[in-house]
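Fold the following, please.
(chains A and B)
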Amino acid sequence: MSFDPVVLFFLLGLAAGVAKSDLKLPAALYDTLSVFLLLCIGIKGGLELAKQPVLTLLPQALLVLAMGAAIPLLVYPLLRWRLTQADAASIAAHYGSVSVVTYAVGVAYLSRIGEAFESQTTLFLVLLEMPALIVGVILARRGSRSGHGHGWGKLLHEVLLGKSMVLLLGGLAIGALAGPDGIKPLDRLYVDLFKPTLTLFLLEVGLVVAGKIGILRREGLFLLVAGIGLPLALSWLGIGVGLMLGMSAGGLTLMALLAASASYIAAPAAMRMAVPEADPALSLGAALGITFPFNLLVGIPLYHQFALAVA
Amino acid sequence: MTFHTRTLLTIVTESALENDLVELFHRHRLRGWTIVEARGKGEHGEKRGSFDANGNIQIELIAETAAAEQLATTIAERFGAHYALVQWLAEVRVLRAEKF
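The predicted structure is shown next:
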């Protein structure tokens, strides 16, 4: 079998990082690539979304929002067994929220093997980013009047108007409003270049993940169990919700991936502001150090097998 | 020209706090400050400059000694417990004292 080049770029970055190579992408390039990728995903979803009646999407969207809020509630008691309230709540929020890059690799995987998927998963990606963060903050602040962290207004502003939300939602709107004919002149950039750009991006993510592996020496076993056990268990929640929505194997794979992935950009920023007493090394170590590579290397093909088995 | 003595407050902290600190500076009616991205190592780990959702920043501002001391105390009380935070004060000599 041939390896997915997207994953190989990640492994190259990871290997270079572990070997302490001086390879480093300029921060400005990384930012540019992430803006581009978020727009690509948004526009792609918007184009497909334009073909669907809005009213049928509403109940689906509500169900997906409920899933996003439920994940931290399920995960928190498990983590609380070992961790402080703040750390457990923060990690639970990371796992309830989603990783856009993991989703992008999942989409690239499905298109490589020629498996179709439902376009509304892009909308679900946007919807899933936020509810878990709110639930996480509530869990962290429950019963304490410490006054640490920021107020709700600031926090909601941070999450709702964060870069990824604005670009994903903006892309969705642009794609839906412009339609396939309007986007056609932009195809080269926003459709054809999506995957090549993703490879460059993953090279850098590999380097970053290599930098997070150090935490394993401190909390190795627990993080390993949580970082692999949680996505495996949560993928079935995603598949369950996907089945309720009557999705195809491709859609189920992405639903599993959405439930299984952990945020490592939006959630860390929000949790640092809202729950400062939680240790960011712990949550980032689990989400980015373990779950992200696990989903990329093992999870995506595995969830696809799960999906094929039940679809 | 005459040189005047003022106090330089340098703050090294997490970029997550930038907006809060700037708000605080406005509330304290500071006339100006400079913020740069920073890398380095401290109690909260090492920042090497590759992508990080929460990097470090270094802030420099010059003020009257009492104002700088009060500001540093406020910052330490509010953010010192849970965030990476190092502050130091130094006496500096400036021209055009009315700017500070």
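
In contact with the nearest residue to A:L232 once chain neighbours are set aside, which residues?
Once flanking residues are discounted, A:L232 sits nearest to A:A260: 7.3 Å by CB to CB, 6 or more residues apart in numbering or on different chains. Just so you know, the C-beta spots here come from the backbone N, C-alpha and C atoms, and that holds for glycine as well. By CB atoms under 8 Å, 6 or more residues apart in numbering or on different chains, the contact set of A:A260 is A:L230, A:P231, A:L232, A:L234, A:S235, A:G238, A:T291, A:N295, A:G299, A:Y303.

Tell me if the helix or strand hosting A:V35 is near chain B.
Using DSSP states H and E, A:V35 maps to helix A:27-49. Yes. Contact of helix A:27-49 with chain B (CB under 8 Å from any CB of the partner chain) involves A:A27, A:Y30.

Name the next helix or strand downstream of that helix, please.
Criterion used, DSSP H and E; the element after helix A:27-49 is helix A:54-80.

tell me the angle of the helix or strand that that following helix is followed by relative to helix A:54-80?
Using DSSP H and E, the next helix or strand after helix A:54-80 towards the C-terminus is helix A:85-96. Following axes from the mean of the first three to the mean of the last three CA atoms, to 10 degrees, one obtains 140 degrees for the angle between helix A:85-96 and helix A:54-80.

Next one, pLDDT for the closest residue to A:A311 other than its chain neighbours please.
Spatially, and ignoring its direct neighbours in sequence, A:A311 is nearest to A:A249 (4.0 Å; CB to CB, 6+ apart). Among the per-residue scores, A:A249 shows a pLDDT of 96.

need the contact list for A:A249.
A:E115, A:H304, A:A307, A:L308, A:A311.

Any figure for the gap between it and A:A307?
Separation of A:A249 from A:A307 (CB to CB, to the nearest Å): 4 Å.

so what sits against both of these two?
When CB under 8 Å, 6+ apart defines a contact, no residue borders A:A249 and A:A307 alike.

Would you mind giving the secondary structure of the residue of chain B found nearest chain A?
Here chain B gets closest to chain A at one residue, B:H82, 3.6 Å apart by CB to the nearest CB. Put simply, B:H82 is coil when judged by DSSP: H, G, I helix; E, B strand; the rest coil.

So which bits of chain A are right by chain B?
Residues of chain A lying near chain B (CB under 8 Å from any CB): A:24-25, A:27, A:30, A:148, A:150, A:204-205, A:207-208, A:211, A:264-265, A:268-269, A:272-273, A:276-277, A:280-281, A:284.

where does chain B have its least confident helix or strand?
strand B:45-47 (a mean of 65; mean pLDDT, DSSP states H and E).

can you list contacts of the following helix or strand past it?
Note on strand B:45-47: by DSSP H and E, the next helix or strand toward the C-terminus is strand B:56-63. Contact with strand B:56-63 is made by B:6-15, B:17-18, B:21, B:25, B:30-40, B:47, B:68, B:71, B:84, B:92, B:94, B:100, as judged by CB under 8 Å, 6+ apart.

which among those residues end up buried?
B:6-9, B:11-15, B:17, B:21, B:25, B:30, B:47, B:68, B:71, B:84, B:100 (16 or more other CB atoms under 10 Å in any protein chain shown).

Keep only those of the residues you listed that are also close to chain A.
Checking those against chain A by CB under 8 Å from any CB, the ones in range are B:E14.

which stretch of helix or strand covers A:G17?
Here A:G17 is assigned to helix A:5-18, by DSSP H and E.

Export that helix to CSV, keeping only CA atoms.
The C-alpha coordinates for helix A:5-18 follow below in CSV (Å, rounded to 0.1, in the frame of the first residue of the first chain):
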residue,chain,number,x,y,z
PRO,A,5,1.8,12.0,1.4
VAL,A,6,-0.2,14.4,3.7
VAL,A,7,0.7,12.1,6.7
LEU,A,8,4.3,11.7,5.5
PHE,A,9,4.8,15.4,5.7
PHE,A,10,3.6,15.4,9.3
LEU,A,11,6.0,12.5,10.0
LEU,A,12,8.9,14.4,8.4
GLY,A,13,8.2,17.4,10.7
LEU,A,14,7.9,15.2,13.7
ALA,A,15,11.2,13.4,12.9
ALA,A,16,13.0,16.7,12.3
GLY,A,17,11.6,18.0,15.6
VAL,A,18,12.6,15.0,17.6
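
Just the buried residues of it, please?
Buried, per 16+ other CB under 10 Å, within helix A:5-18: A:V6, A:V7, A:F9, A:F10, A:L11, A:L12, A:G13, A:L14, A:A16, A:G17.

Relative to chain B, which residue of chain A is the closest?
Nearest residue of chain A to chain B: A:P276, at 3.6 Å (CB to the nearest CB).

what's the helix holding A:G17 packed up against?
helix A:100-113, helix A:194-212 (3 or more CB pairs under 8 Å, 6 or more residues apart in numbering or on different chains; DSSP states H and E).

Now, the contacts of strand B:56-63 that are in helices?
Counted as lying in helices by DSSP state H, out of these, are B:E18, B:L21, B:F25, B:A68, B:L71.

Now compare those and name the two farthest from each other.
B:E18 and B:A68 (18.8 Å; CB to CB).

Could you pull up the residues touching the residue nearest the centre of chain B?
For chain B, the residue nearest the mean C-alpha position is B:I11 (3.1 Å; CA atoms, centre = their mean). When contacts are counted by CB under 8 Å, 6+ apart, B:I11 touches B:L21, B:Q58, B:I59, B:E60, B:A72, B:I75, B:L85, B:V86, B:Q87.

among those residues, which ones are buried?
The neighbour-count test (16+ other CB under 10 Å) marks B:L21, B:Q58, B:I59, B:A72, B:I75, B:L85, B:V86, B:Q87 as buried among those.

can you list those residues in JSON lines and add pLDDT?
JSON lines is the format used below for the buried ones among the contacts of B:I11 (pLDDT from 0 to 100):
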{"residue": "B:L21", "pLDDT": "95"}
{"residue": "B:Q58", "pLDDT": "96"}
{"residue": "B:I59", "pLDDT": "97"}
{"residue": "B:A72", "pLDDT": "97"}
{"residue": "B:I75", "pLDDT": "96"}
{"residue": "B:L85", "pLDDT": "94"}
{"residue": "B:V86", "pLDDT": "95"}
{"residue": "B:Q87", "pLDDT": "97"}
